[in-house]
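Enquirer: Just to be clear, the model below is a prediction. Sequence and coordinates:
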Amino acid sequence: MATLPELLAKIPDEYKPLAALGIGALILVFLTLFHGGGLHWILLQQKHGERSLRLGRPRVLMASLLFAWSVFLMLDLHLVEILIWAFALTRMGLLVHTYDAIYFCANGYTTLGMGKMDVGEHWHIISPIIGISGLFTFAWTTSALVDVVASNRRLLEQMEDEREQEIHMRFAMRKQAWDALRAERDAEHTQKEKTKSRDAGVTFLERCRMWREERNEVAILRRTKLREIEALRRTERQDEKKRLETIADSADKKQ
């Protein structure tokens, strides 16, 4: 059975440009569909990642890494398309070495030129078709990248606002906890001063009883303030949970 290079060699020379045009057009259409599917998948991954970040605590670094990952996937998509062109040219027998085919296709795909490689006198039309495919896909990627940049900017702005709100919330909670501790210390100091004022002129046994009462009252004060601080922390967690639920509801409505 004849191989593909042998079949192409049997084509008359006057029809080889037409064959190159047809084969190049088929590969171009395939790569355009492939590029569209790849970009669609990348944008879905970007939106899924943004939704996950919006539902959790504000993490600016993770948002930046998500954007970098999307750009990296777009670059990989173009590299794969260059490899597809190189594979097609080597299978057709137009270029012998794989690295020469990759170099030739990369130059054509980025519209830099043919370089030192040549596919044959009757197959030169392949080079501009490779360039056209690069123009199509690069323009498509640019439009998608604009959307990714705008979406990432909105995500970062939202996270900065949420982080500022979280800082204010924690600062208010810590201030309330500190006020509760200070009130507990003031009450404990007042209780000790009251006990000292009653110590004068009492017997040793009565003084021991008063000390026990003082320790019990101080322990009650401390337990009360600890419960108050725990209630403040529980309220903070509930407020944080409500804030995340509100963000999730707003994200669902937007979708």
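Expert: Looks like it arrived, so ask away.
Enquirer: from here on, contacts and neighbour counts on C-alpha atoms
Expert: Noted.
Enquirer: Please give me every residue in contact with Ile132.
Expert: Applying Cα atoms under 8 Å, 6 or more residues apart in numbering to Ile132 gives the contacts Tyr109.
Enquirer: Just the element for it, please.
Expert: For Ile132, the host element (DSSP states H and E) is helix 126-199.
Enquirer: same thing with Gln238?
Expert: helix 204-254.
Enquirer: Tell me where the model's unsure across the stretch 51-200 of the chain.
Expert: 56-58, 114-115, 165-181, 183-200 (pLDDT under 70).
Enquirer: rerun at 50
Expert: Residues of the stretch 51-200 of the chain meeting the criterion pLDDT under 50: none.
Enquirer: My read is that Pro128 contacts Gly108, right?
Expert: Yes - applying Cα atoms under 8 Å, one finds Pro128 in contact with Gly108, separated by 7.0 Å.
Enquirer: Looking at those two, which is more packed in?
Expert: Each of Pro128 and Gly108 has its neighbours counted (other Cα atoms under 10 Å); Gly108 has more, 24 against 17.
Enquirer: List the buried residues of stretch 39-53.
Expert: Leu39, Ile42, Leu43, Gln46, Lys47, Glu50, Arg51, Leu53 (16 or more other Cα atoms under 10 Å).
Enquirer: likewise stretch 83-99?
Expert: So for stretch 83-99, counting by 16+ other Cα under 10 Å, buried means Leu83, Ile84, Trp85, Ala86, Phe87, Ala88, Leu89, Thr90, Met92, Gly93, Leu94, Leu95.
Enquirer: list the contacts for the first one?
Expert: The neighbours of Leu83, taking Cα under 8 Å, 6+ apart as the test, are Ile102, Cys105.
Enquirer: Ramachandran angles for Ile125?
Expert: Main-chain torsions, Ile125, degrees, to the nearest 10: phi -60, psi -20.
Enquirer: what's the burial count for it?
Expert: Neighbours around Ile125, by other Cα under 10 Å: 18.
Enquirer: contacting residues for it?
Expert: Applying Cα under 8 Å, 6+ apart to Ile125 gives the contacts Pro17, Ala20, Leu21.
Enquirer: With distance to Ile11 and secondary structure added, can I get the buried residues of stretch 83-99 in a markdown table?
Expert: Shown next, in a markdown table, are the buried residues of stretch 83-99 (distance: Cα to Cα, whole Å; DSSP: H, G, I helix; E, B strand; the rest coil):
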| residue | distance to Ile11 | secondary structure |
| --- | --- | --- |
| Leu83 | 26 | helix |
| Ile84 | 24 | helix |
| Trp85 | 21 | helix |
| Ala86 | 22 | helix |
| Phe87 | 21 | helix |
| Ala88 | 18 | helix |
| Leu89 | 16 | helix |
| Thr90 | 18 | helix |
| Met92 | 13 | helix |
| Gly93 | 14 | coil |
| Leu94 | 14 | coil |
| Leu95 | 17 | coil |
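Enquirer: quick one: which of those residues is nearest Leu33?
Expert: Of all these, Ile84 has the smallest distance to Leu33: 13.1 Å, by Cα to Cα.
Enquirer: right, and Phe104 touches Leu112 too?
Expert: No - in this structure, Phe104 is not within contact of Leu112 by Cα under 8 Å, at 9.9 Å.
Enquirer: Looking at these two now, which is surrounded by more residues?
Expert: Phe104 (26 against 11).
Enquirer: just to confirm, which helix or strand has the more buried one in it?
Expert: helix 98-109.
Enquirer: Restricting to C-alpha, output that helix in CSV.
Expert: This file holds the C-alpha atoms of helix 98-109, laid out as CSV (Å, rounded to 0.1, in the frame of the first residue of the first chain):
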residue,chain,number,x,y,z
THR,A,98,10.8,17.0,12.9
TYR,A,99,12.8,19.9,14.3
ASP,A,100,13.0,21.5,10.9
ALA,A,101,9.2,21.1,10.5
ILE,A,102,8.6,22.7,13.9
TYR,A,103,10.9,25.6,13.1
PHE,A,104,9.3,26.1,9.7
CYS,A,105,5.7,26.0,11.1
ALA,A,106,6.5,28.3,14.0
ASN,A,107,7.9,30.9,11.6
GLY,A,108,4.9,30.6,9.4
TYR,A,109,2.4,30.5,12.2
